[in-house]
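> Here is the input, now give the coordinates:
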Amino acid sequence: MNMAIALVFCILVATNALALFPQSIAVDPDVGLAARYNPPYTPTACYGNDPKQLPSGDLFGAIGERLWDNGAACGRQYQVMCISEAIPKFCVPGRTITVTVVDRAQTLESRPSSFNVSFVLSSKAYELIADPAVASIQVQFQQV
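Residues are numbered from 1 along each chain as shown. Here you go, the predicted model:
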């Protein structure tokens, strides 16, 4: 009986620690490919023809099928960092941006620079982390 009480106590302590310190739990970032696209950015799969729904600063993009989640990805934010590319020296070293999902990569109005990617970033977002001369880059990303 004492063993069961000790187990319950440990579970309660762990649960309370998670509630008090959620930022201490590390989530491993994912890795995928990113491409870029240029205007027109509307209509979007998330917001239709309303350009006011696009985040200020043009840090947004479309998300690939693996993360689309039947449209639930709309409005999610991801930290994205270029980690490698086809041609050396095209990533901006150590720069991370936060982008908002406004569209589905598979149904973009504008043609992306590469297909079958995790993200298609607005031209401004892409240029902040990589040289636009490269059609696609490998990125590290995680939802924030």
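> Grab the most central residue of this protein for me.
By CA atoms, centre = their mean, the chain has its centre lying nearest to Tyr78, at 3.3 Å.
> Which helix or which strand is home to that residue?
strand 77-85 (DSSP states H and E).
> Next up, the contacts around the residue nearest to the centre of the chain.
Thr98, Val99, Val101, Phe119, Phe141, Gln142, Gln143, Val144 (CB atoms under 8 Å, 6 or more residues apart in numbering). No exception for glycine: its C-beta is placed from N, CA and C like everyone else's.
> beta partners of it?
Val99, Gln143 (DSSP bridges).
> Can you give me the distance of it to Ile97?
9 Å (CB to CB, to the nearest Å).
> And the average pLDDT for the strand holding Tyr78 is what?
For strand 77-85, mean pLDDT rounds to 91.
> Ok, stretch 53-65 next?
Here the average pLDDT along stretch 53-65 is 95.
> How far away from the center of its chain is that stretch?
Centroid displacement of stretch 53-65 relative to its chain, using CA atoms, centre = their mean, to the nearest Å, is 10 Å.
> got the CA coordinates for that stretch in CSV?
The C-alpha coordinates for stretch 53-65 follow below in CSV (Å, rounded to 0.1, in the frame of the first residue of the first chain):
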residue,chain,number,x,y,z
GLN,A,53,-5.5,39.2,-42.5
LEU,A,54,-1.9,39.0,-43.7
PRO,A,55,0.5,39.7,-40.8
SER,A,56,2.3,43.1,-40.8
GLY,A,57,5.9,42.8,-41.8
ASP,A,58,5.1,40.2,-44.4
LEU,A,59,6.4,37.3,-42.2
PHE,A,60,4.0,34.7,-43.2
GLY,A,61,3.8,31.7,-45.5
ALA,A,62,2.0,28.5,-46.6
ILE,A,63,2.4,25.2,-44.9
GLY,A,64,2.9,21.8,-46.4
GLU,A,65,0.5,18.9,-46.3
